[in-house]
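Student: Curious how this folds, go ahead:
(chains A and B)
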Amino acid sequence: MSGMPGKKAKRIEERGLKGIRDTGLDEARLRAFLAHAWHTPKGLYGWLATVDHKLIGKRYVVTAFLFLILAGLSALAMRFQLAAPEAGRISPDFYNQLFTMHGTTMMFLFAVPVMEAFTVYLVPLMIGTRNVAFPRLNAFSYWIYVSGGTMIWIAFAFNTGADAGWFSYVPLAGPDYGIGKRPDFWAQMVTYTEVSALAVAVEIIATVFKLRAPGMTLDRIPLYVWSVLVTAFVILFAMPAVMVSSTMLILDRLVGTKFFDPAAGGDALLWQHLFWFFGHPEVYIIFIPATGFVSAILPTFVRRPVFGYLGIVLSLIAIGFLSFGLWVHHMFATGLPQLGESFFTASSMMIAIPSGIQIFCWIATIWGGRPIFATPLVFVLGFIFTFVIGGMTGVMVASVPLDLQVHDTYFVVAHFHYVLVGGAVFPLLGAVYYWFPKVTGRMLSERLGHWNFWFVFLGFNLTFFPMHILGLQGMPRRIYTYPLESGWGSANLFISLSSLVLFAGFALLFLNMLLSLRNGRPAGDNPWGASTLEWATTSPPPSYNFPHLPVVTHREPLWARPDTLPVIEGLRVDAREVLGGTVADAVPQLRLPSADNSIWPLLSAIAVGGTFFASIYTPWAVVWGAIPISIGFICWFWPKGEPEDEE
Amino acid sequence: MKQRPVVDVSHLPTYDFGAASPMWWGTLAFIALEATGFALAIGTYFYLAVLARHWPIAAPAPDLAPGTAVLMILLASIVPNHLVDRWARQQDLHKVRAGMVLMTIVGILPLIVRIWEFPALRISWDQNAYGSIVWFLLALHTSHLLTDIGDTIVLAVLMFTQKGKAGRRLSDVSDNAFYWDFVVASWVVLYLVIYWAPRM
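Tutor: Numbering: from 1, shown residues only, chains lettered A, B, ... in the order given. Modelled structure (predicted):
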């Protein structure tokens, strides 16, 4: 092939020029150069060393769904036990591990990572760049996540599964009552995987601030990107709380500190304050990106821009702020001062305002549009229905008298599943149907998609709505069985059977994905006629995302100019280069070299993971582990090849 | 979809300093999350202090000398730190090299003094909650000192190689100086909490 990238680069170098630019290159040669510069090597090395945000994003999604299956199976096992009163199918000890692993996996290993997975995949495409700001940090975060999750599930397989609940309250998880190494694995896994979440948050902030396409001013950023930007800030200020608290927990257990020991001046409630200072924003870390999915899907299927762009952006920011003022509503039953309870009741109810604004904006968007009831939109409508129910019961449990009545009953279980599944999983499934064509180049089956929706929608509501009633009747949560004379048997049997319908709904999703990967209809670049930049490139996108980086002149760039995309030129194509711009106006400032593939993020993650694992058994692991960690980071950082800024 | 070039960016530089650089924003984000961690740990300190009948619990207030010495060293380090930052922005490699060597020494000094600082707390970490939280605060800051000095040493070595001649590496030096300011500022706050709060 004439114009082979390697040979061409050498020739130009011999002539004294510095770098080959995309200016004036014909399409075929441009793509050949870019493919060479941005490619991921084939084989095992390439698989382990890639820093392509799309490959990492896809891995994140697959891994998160594998954890979803594990968490779902543990829920089914619990429902198998609870289907009948006084059933002895599962021991109390194993049941404790099951519900802890279910909650821990859903919250730490599925819900947050799957949202980050979509973020990692979509954000560079939606803002018109070629990779995230720190590609190796991105790879590192994935390896950290997958190894942390694997660590706690292997511990579970060896009967060392966490068993003190996903919130790991002390003293249950403390040195006096926490059995063996179970809470240690929980605490280390949590600290460890949150490193991953924080790394993604940092890279998303830098990416959105600095790498947006020229012209993508703050008021032209897609609403989904706004939502993940706000989420990144919430992560930044919430996740350190769980890292601090889980570190204190493991120190109490391993080296005898006394943070949570009341006999030595510590306090058990301190754990709850720190944990819920993270735990409540955690709900919004899951929910806010889900609202971004809704704001991305709705306009496409009602054929009009979303109503109230500015209102939605301000609501997202308000939700992000307010999410930090709610943690105490998880602690109303702990005997806090009344003034505190009143304040947190007010702030808990206040968050309904920005949430309501978003919902009204979406309804107004539908109202003024011409809806096409494709599967993504159907899931969004399912979201609005279920989330409104969850929101209303949220207002109920934000009220102290009612919360005291239903605290630790199945009412709360019903409420938070409505919020989390209704608020996050329904939009997520819509997002899967919406972006699957972009990621794979194949359409998912619409017929299976509608079956999928109805099974999930009915299965979900039939499973969780009766729990409200069971809760009001006084059935406590976290119990492994209940007496025959309680009268809860038939409702529980109904719930357990319904959970099978829900499970079947998810099985249909996976079946649809597997069938469509092989036999799905080819998608084309923009099968839905959407307006945002990710649809301007091929499906699936090439390694370099865009042959020329786009220029944005409108909030809905592909609707404003459906035939011609304004683009930039002047970037190097013989080396990885992205464009950096000003924060507010995205005016081009820099041509930034972008990191190449590297094995060192993986090796660094192994070093960090090994240190965390070993520290469960000896604190000296932290000292010795610092050596391989340092080597890993130095090799990761150390520049290779020529200086990147020779011009 | 057809494409129409409308902007030529070939003239743009490949690196810059401060807020123009994505790395600066990444550093700022890490500072924000670490500062949150410090704030939560300090919050824990005062939460436990409010609950306690006497504070410090069963211990005298820490000996002021080593902590104050660390404070003095860190405050003094601001001058060379900002000089290194300035030289990096001026792209004066010779001065940057000297400055990075100086900052390496200045960074190691407080770590040496800190060997005496832990005993100066006059309580063990496992004696009671007060002991636990002051050791925790001090260890948290020590870990920041260690990581930053590690970063400084690696950058200093890099400056003496061919790769150190790249402008992007000078931008890294500037970001490292930015982070050092955070290490110093956080110690000012922690010093007041650890050494002076028990005396109030």
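Student: Strands of chain B, residue ranges please.
Tutor: B:2-8 (DSSP state E).
Student: Low-confidence stretches in it?
Tutor: For chain B, no stretch is flagged by pLDDT under 70.
Student: distance of residue A:562 from residue A:508?
Tutor: 35 Å (C-beta to C-beta, to the nearest Å). Quick note: C-beta positions are derived from backbone N, CA and C, even for glycine.
Student: go on, residue A:553?
Tutor: From residue A:553 to residue A:508 the distance is 41 Å (C-beta to C-beta).
Student: try residue A:383
Tutor: Counting by C-beta to C-beta - residue A:383 and residue A:508 are separated by 18 Å.
Student: and what of residue A:198?
Tutor: 35 Å.
Student: Pick out whichever of the two has more residues nearby.
Tutor: residue A:198 (23 against 20; other C-beta atoms under 10 Å in any protein chain shown).
Student: Report the distance from the helix or strand where the more buried one lies to the chain centre.
Tutor: When secondary structure is defined by DSSP states H and E, residue A:198 falls within helix A:182-210. Taking C-alpha atoms, centre = their mean, to the nearest Å, one finds helix A:182-210 lying 11 Å from the centre of the chain it belongs to.
Student: Quickly check: that helix near chain B or not.
Tutor: Yes: against chain B, helix A:182-210 shows contacts by C-beta under 8 Å from any C-beta of the partner chain at A:198, A:201-203, A:205-207, A:209-210.
Student: Buried ones in the host helix or strand of residue A:294, by neighbour count?
Tutor: Per DSSP H and E: residue A:294 is located in helix A:268-302. Judged by neighbour count using 16 or more other C-beta atoms under 10 Å in any protein chain shown, the buried positions of helix A:268-302 are A:268-302.
Student: what helices or strands is that helix leaning on?
Tutor: helix A:112-127, helix A:223-254, helix A:309-322, helix A:352-367, helix A:375-397, helix A:426-440, helix B:22-51 (3 or more C-beta pairs under 8 Å, 6 or more residues apart in numbering or on different chains; DSSP states H and E).
Student: Next, the angle from that helix to helix A:352-367.
Tutor: 10 degrees (axes from the mean of the first three to the mean of the last three C-alpha atoms, to 10 degrees).
Student: Quick one: mean pLDDT over helix A:268-302.
Tutor: Mean pLDDT, helix A:268-302: 94.
Student: ok, back up a step: figure out which of the helices and strands packed on helix A:268-302 is closest to residue B:138.
Tutor: Of all these, it is helix B:22-51 that lies closest to residue B:138, at 10.3 Å by C-beta to C-beta.
Student: and residue 20, how many neighbours does it have?
Tutor: With no chain named, the answer covers chain A. 22.
Student: Can you look at chain B instead?
Tutor: Neighbour number of residue B:20 under other C-beta under 10 Å is 18.
Student: Skip the chain neighbours and tell me the closest residue to it.
Tutor: The shortest distance from residue B:20 to any non-neighbouring residue, by C-beta to C-beta, 6 or more residues apart in numbering or on different chains, is to residue A:589 (5.5 Å).
Student: My reading is that the one you found is in a strand; is that accurate?
Tutor: Yes: according to DSSP: H, G, I helix; E, B strand; the rest coil, the state of residue A:589 is that of a strand.
Student: wait, it sits on residue A:580?
Tutor: Yes: counting by C-beta atoms under 8 Å, residue A:580 is a contact partner of residue A:589 at 5.3 Å.
Student: So the two - more neighbours on which side?
Tutor: Shown here are residue A:589 and residue A:580; by other C-beta under 10 Å, residue A:580 has more neighbours (26 against 19).
Student: Give me the distance between the more buried one and chain B.
Tutor: Residue A:580 sits 6 Å away from chain B, going by C-beta to the nearest C-beta, to the nearest Å.
Student: Check residue A:379 too.
Tutor: Relative to chain B, and taking C-beta to the nearest C-beta, residue A:379 is found at 28 Å.
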